[in-house]
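J.: Let me see the structure of the following:
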Amino acid sequence: PASGYWDDSGAHHEDANRFTFSCLNGAVAKCINRGYKPWKQARETFVLADNGKKYTHTFYLDQHHQACTRMMRADWCGDGHPNTIDGTPINISDAVHIQYASETSDHWNDWTPAGARYHSDARTTSCTPFGIRRCFDTPLDTYIKDHCPAKWAEHWPYDPGQWPDHWPYDPGVGINPVSTFDAQDGFFEPLDQRVLLREHRSLAQ
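T.: Below you'll find the model as predicted:
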């Protein structure tokens, strides 16, 4: 069992008087078995570029576990709504060296404890050739557009209602924001807001 409980939005609440049972094929147990044990600790180091000074902090993995449960359920909006598809491989990496992606790709999804932050290519979108353009015609795209459009639009310098079809790397459109996945970019961001996990997917998926 895991300590505390998860509410209908998928958010975890620590409670000394409550605990949660999970089947081995459930998201809570899967994430624990992947190494994101909430009671364990990890360490991370930030190196200051101008003088090489190092800053280190130690933290529990509860937020990594929360981000993992969002990813396992494909809870893109962080509202408790799963968008999983049976048989979809989950290829994870993190910045604290617990999981190493067996295959990396230019297509990935970054995950925070509150849901997905950055979508290089959503799991079910098949009409994005090499990350240059995307078309919004899958049920998942429609769901994100209707429920949390900022998940797409926050990476474009456009109003969410315009739904541009240009990829941010297009110099005529704008640039891709820096992800906080790596320690050098996310060290000072609160863990409950930071990108903690990266889901890689190949072009063949």
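
J.: Surely Ala27 and Arg73 touch.
T.: Yes - using CB atoms under 8 Å, Ala27 is in contact with Arg73, at 5.2 Å. (C-beta placed from N, C-alpha, C; glycine too.)

J.: end-to-end on stretch 50-61?
T.: End-to-end distance of stretch 50-61 (CA to CA, to the nearest Å): 30 Å.

J.: ok, which stretches of this protein are strands?
T.: Using DSSP state E, the strands of the chain run over residues 2-3, 5-6, 12-13, 19-20, 41-47, 54-60, 91-94, 108-112, 115-119, 197-200.

J.: In terms of secondary structure, what does the first one contact?
T.: If I follow you right, that is strand 2-3. Of the remaining helices and strands, those touching strand 2-3 by 3 or more CB pairs under 8 Å, 6 or more residues apart in numbering; DSSP states H and E are strand 19-20.

J.: What strands line up against the strand it packs on, and which way round?
T.: Strand pairing for strand 19-20, using DSSP bridges, gives strand 2-3 (antiparallel).

J.: Contacts for the strand it pairs with, please.
T.: Contact with strand 2-3 is made by Glu14, Asp15, Ala16, Arg18, Phe19, Thr20, Ser22, Val28, Ile32, Pro38, Trp39, as judged by CB atoms under 8 Å, 6 or more residues apart in numbering.

J.: pLDDT (mean, whole number) over it?
T.: For strand 2-3, the mean per-residue pLDDT is 90.

J.: just to revisit the earlier point, now list the buried members of the contacts of strand 2-3.
T.: Taking 16 or more other CB atoms under 10 Å as the criterion, what is buried in the contacts of strand 2-3 is Ser22, Val28, Ile32, Pro38.

J.: buried set for stretch 46-64?
T.: Residues of stretch 46-64 classed as buried by neighbour count (16+ other CB under 10 Å): Phe46, Leu61, Asp62, Gln63, His64.

J.: and it, average pLDDT?
T.: 91.

J.: about what we covered before: including distance to Asp182 and pLDDT, could the contacts of strand 2-3 go into CSV?
T.: Converted to CSV, the contacts of strand 2-3 look like this (distance: CB to CB, whole Å; pLDDT from 0 to 100):
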residue, distance to Asp182, pLDDT
Glu14, 28, 91
Asp15, 33, 91
Ala16, 34, 88
Arg18, 35, 92
Phe19, 34, 90
Thr20, 31, 91
Ser22, 30, 90
Val28, 27, 95
Ile32, 24, 95
Pro38, 23, 95
Trp39, 25, 95
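
J.: With distance to Thr142 added, can I get the residues you listed in CSV?
T.: Converted to CSV, the contacts of strand 2-3 look like this (distance: CB to CB, whole Å):
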residue, distance to Thr142
Glu14, 35
Asp15, 36
Ala16, 41
Arg18, 36
Phe19, 37
Thr20, 31
Ser22, 30
Val28, 28
Ile32, 33
Pro38, 34
Trp39, 39
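
J.: Can you tell me which of those residues is closest to Asn83?
T.: Val28 (17.8 Å; CB to CB).
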